[in-house]
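K.L.:
Quick check, what structure comes out for this input:
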Amino acid sequence: MLLDNPVPFVSTINALHRVLPEKLHAPKVGIICGSGLSGLVDALRDVVLVPYDSIPGFGQSTVPGHKSSLAFGFIGAGDGIPVVAMLGRFHAYEGHKLATATYPVRIMAKLGVKNLIVTNAAGALNPNLPVGTIVVVQDHLALPNLTGMNPLFGPLISPEYQRFLPVSDAYSTRLRRLAFLAANEMKLPPSDLEEGVYAWVSGPTYESPAEGRLLRSMGADVVGMSTVPEVVVARHEGLEVMALSLVTNPVIIPEKYRSLKEEVAAELAGEAVVLPEQQTVCHEEVLEIGSLKGKVMKELVERIVNMID
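P.N.:
Residues are numbered from 1 along each chain as shown. Next up, the predicted model:
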């Protein structure tokens, strides 16, 4: 079965071409900027910003730390490499259908993008990943994908698309290798860049301790509310993909729960009870770490783009 109403690729591309200089009509590399990481646009020169609300088929990003524009520009010496960056992404928890959330990736592919770099802010499930670590994603665990929230659900866009897409090779070994070569050029400590498995959850709530414990036991190192739908659709479009997760907070997974039964019994027995501090995570922390590590992420992505070319 194919879509009854064609997705408006042509009208979207035409709208972009009308406002872009010809030299930016065919970007080679796409970049998706995660929470607090829109500063990656500073790596571009001759930037042209196109607001999402002026692009047919695009939604609006409503999350703090996400702008709502496509940024077109050049990275690198000489004429530079033409790139397009999403300054703000769309999430299912905002109410967007996954087809809308991933539509910009399809547009990047139609424009000529061959390589996609996806960035995100993530919580650490692995206790060996301190805040500030950049994780080069080698695989993902996507419970929504497995339980009815796959971005490829529904009719095929056209016959040339695969119905059953393999994702065992979703994260390009070539691009992941470039990340470590770039980190070496930057003389980053080896512990600043690690490898791991990204767990996608729908959000917008942060994980409960039991949920975090479950994801950790399933082999995930970091967890977030984005990225996997974009990666799946990028692979559907035939793009090479890499994902970089910036650890902005630890997921709260206590070794054991407070026992209110024991506390009340001690209190009734006249014993002093010291109440532990209740730990929580907030979005402001995420944005703060994104801002602090933004310069490192910007330079890392810039070097990777230069190496791609």
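K.L.:
neighbouring contacts of stretch 88-96?
P.N.:
The set of residues external to stretch 88-96 that reach it, using C-beta atoms under 8 Å, 6 or more residues apart in numbering, is 32-34, 38, 52, 59-63, 66-69, 98, 100-101, 104, 144, 149, 202-204, 225-226, 229-230. Where C-beta positions appear, they are placed from N, C-alpha and C, glycine not excepted.
K.L.:
Among those residues, name the ones in strands.
P.N.:
Those of the contacts of stretch 88-96 mapping onto strands are Ile32, Cys33, Ser69, per DSSP state E.
K.L.:
Out of those, which end up buried?
P.N.:
With neighbours counted using 16 or more other C-beta atoms under 10 Å, the ones in strands among the contacts of stretch 88-96 contain these buried positions: Ile32, Cys33, Ser69.
K.L.:
got the contact list for Ser68?
P.N.:
Pro51, Tyr52, Asp53, Gln60, Ser61, Leu87, Gly88.
K.L.:
ok so, going back, give me the buried subset of the contacts of stretch 88-96.
P.N.:
Buried among the contacts of stretch 88-96 by 16+ other C-beta under 10 Å: 32-34, 38, 52, 59, 61, 63, 66-69, 98, 100-101, 104, 144, 203, 225-226, 229-230.
K.L.:
among the contacts of Ser68, which two are most distant?
P.N.:
The distance between the two most remote of the contacts of Ser68 (C-beta to C-beta) is 13.2 Å, for Asp53 and Leu87.
K.L.:
If you count surrounding residues, which of these two has more?
P.N.:
Leu87 (22 against 10; other C-beta atoms under 10 Å).
K.L.:
ok, now how distant is the nearest residue to that one once chain neighbours are set aside from Leu178?
P.N.:
Take Leu87 and drop its neighbours on the chain: the residue closest to it by C-beta to C-beta, 6 or more residues apart in numbering is Lys67, 3.9 Å away. Distance from Lys67 to Leu178, counting by C-beta to C-beta, to the nearest Å: 26 Å.
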